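J.: show me how the following folds:
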Amino acid sequence: MKPKSLKVITLLSIFFMVSNSQASLISYDLLAPNASTNISYSNQFTNAFSSSKDGFQIYQQDQTFNIPRNLLDKGTAVTKDSLGIVTKSNKDAFFGIVDTVNQDNTSSDAVATWQINIANLSAITFLADMAAMGDFESSDWFEWRYSVDNKPFTRLFQGITNDSTLQQYDLADGSSVTLFDPMTVNSTLLGNKFTTFASPNLTTGNLLTIELKAKVNSDSEVIAFQNVVLQAENNAVVVSEPTPLVLMLFALIFVMTNQPLSRRLKIN
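T.: Okay, here's the model as predicted:
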């Protein structure tokens, strides 16, 4: 076989064997941090409060048994409820915040941190479903923020109190409650039904740090987040397994390059 022909076959083999660099979509569930080795989660306030009414952590009904009562909307046609977000049928994980200003927390603020490996990722977006219920004060707030490669933090979302309006909350038992001073995000009033918020694309790099910080000073003021995810495009190049066509090409190369010299002379 002529060297030129051999080169052509070899190049074709490489082309068919190596996949292109098209990005694949990935999603990290930040409320199931142990599901991925690319996520490191820390929260010193997990199970840190002595009162069962207070909390700042990831919860899940039927899995976590210390969920503050006021986070749950357990009302029925028989048993009425006046406060709550997560209904009885909602069994998904959520992050709940109730009364961080207590005797167990000298700083009053609380913070949870996620660190995610984002090497080879692009078009990174943060999404979260948010809900809140209560007569909040101006001192109540929460903030999602992020940093890439230990650079200064950038705000993703901020929850603040709107003390000049009121909000109607609909409960699972069919009743409605109207309260002053609701929590807002980007001028959107939060109710006790989850609303989805999505960020613009985040900065790329190697290590992404996401923080949730909050301060709430009453057990009758509750905040919850669900479906907290990081979505991105994975730009890593993946080498495919050899296809039958590639194997046939390699076999042809082997046969042609291992012919007896006399045979190759006849061909040429």
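J.: quick one: residues contacting Asp140.
T.: Thr161, Met183, Lys215, Val216, Asn217, Ser218, Glu221 (C-beta atoms under 8 Å, 6 or more residues apart in numbering). Bear in mind the C-beta positions are built from the backbone N, C-alpha and C, glycine included.
J.: which of the residues you listed has the most neighbours?
T.: The most crowded member of the contacts of Asp140, judged by other C-beta atoms under 10 Å, is Val216 (29 neighbours).
J.: so who does that one touch?
T.: Neighbour list for Val216: Ile97, Val98, Asp99, Thr100, Val101, Phe136, Asp140, Phe142, Val222, Ile223 [criterion: C-beta under 8 Å, 6+ apart].
J.: quick one: low-confidence residue ranges for the protein.
T.: Across the chain, the ranges flagged by pLDDT under 70 are 1-23, 77-78, 237-268.
J.: can you give me the helices for it?
T.: Applying DSSP state H to the chain gives helices spanning 3-17, 244-257, 261-267.
J.: got the contact list for the most centrally placed residue in the chain?
T.: Closest to where the C-alpha atoms of the chain average out (C-alpha atoms, centre = their mean) is Val229, at 1.8 Å. By C-beta under 8 Å, 6+ apart, Val229 lies in contact with Ser27, Tyr28, Asp29, Leu30, Phe126, Leu127, Ala128.
J.: got CSV for those, with distance to Ser176 and neighbour count too?
T.: CSV is the format used below for those (distance: C-beta to C-beta, whole Å; neighbours: other C-beta atoms under 10 Å):
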residue, distance to Ser176, neighbour count
Ser27, 35, 11
Tyr28, 37, 22
Asp29, 32, 15
Leu30, 32, 25
Phe126, 32, 22
Leu127, 28, 15
Ala128, 25, 24
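J.: what about Ile160, how many residues nearby?
T.: By other C-beta under 10 Å, the burial measure for Ile160, its neighbour count, is 15.
J.: which residues touch it?
T.: Applying C-beta under 8 Å, 6+ apart to Ile160 gives the contacts Ser138, Trp141, Met183, Thr184.
J.: beta partners for the closest residue to Ser40 other than its chain neighbours?
T.: Excluding its sequence neighbours, the residue lying closest to Ser40 (C-beta to C-beta, 6 or more residues apart in numbering) is Gln115, at 4.4 Å. Beta-bridge partners for Gln115, by DSSP bridges, are Ser40, Thr209.
J.: for Ala132, state which of the contacts of Asp140 is nearest.
T.: The closest of the contacts of Asp140 to Ala132 turns out to be Met183 (C-beta to C-beta; 3.9 Å).
J.: quick check: Gln103 touching Ser50?
T.: Yes. With contact defined as C-beta atoms under 8 Å, Gln103 counts as touching Ser50 (7.2 Å).
J.: list the buried ones in stretch 35-44?
T.: Using 16 or more other C-beta atoms under 10 Å as the test for burial, stretch 35-44 gives Ser36, Asn38, Ile39, Tyr41, Asn43.
J.: next one: stretch 64-77
T.: Ile67, Pro68, Asn70, Leu71, Leu72, Asp73, Lys74, Gly75.
J.: and for the residue lying closest to Ala214 once chain neighbours are set aside, the neighbour number?
T.: Residue nearest to Ala214 in three dimensions, not counting chain neighbours: Phe142, with 3.8 Å by C-beta to C-beta, 6+ apart. Phe142: 23 surrounding residues under other C-beta under 10 Å.
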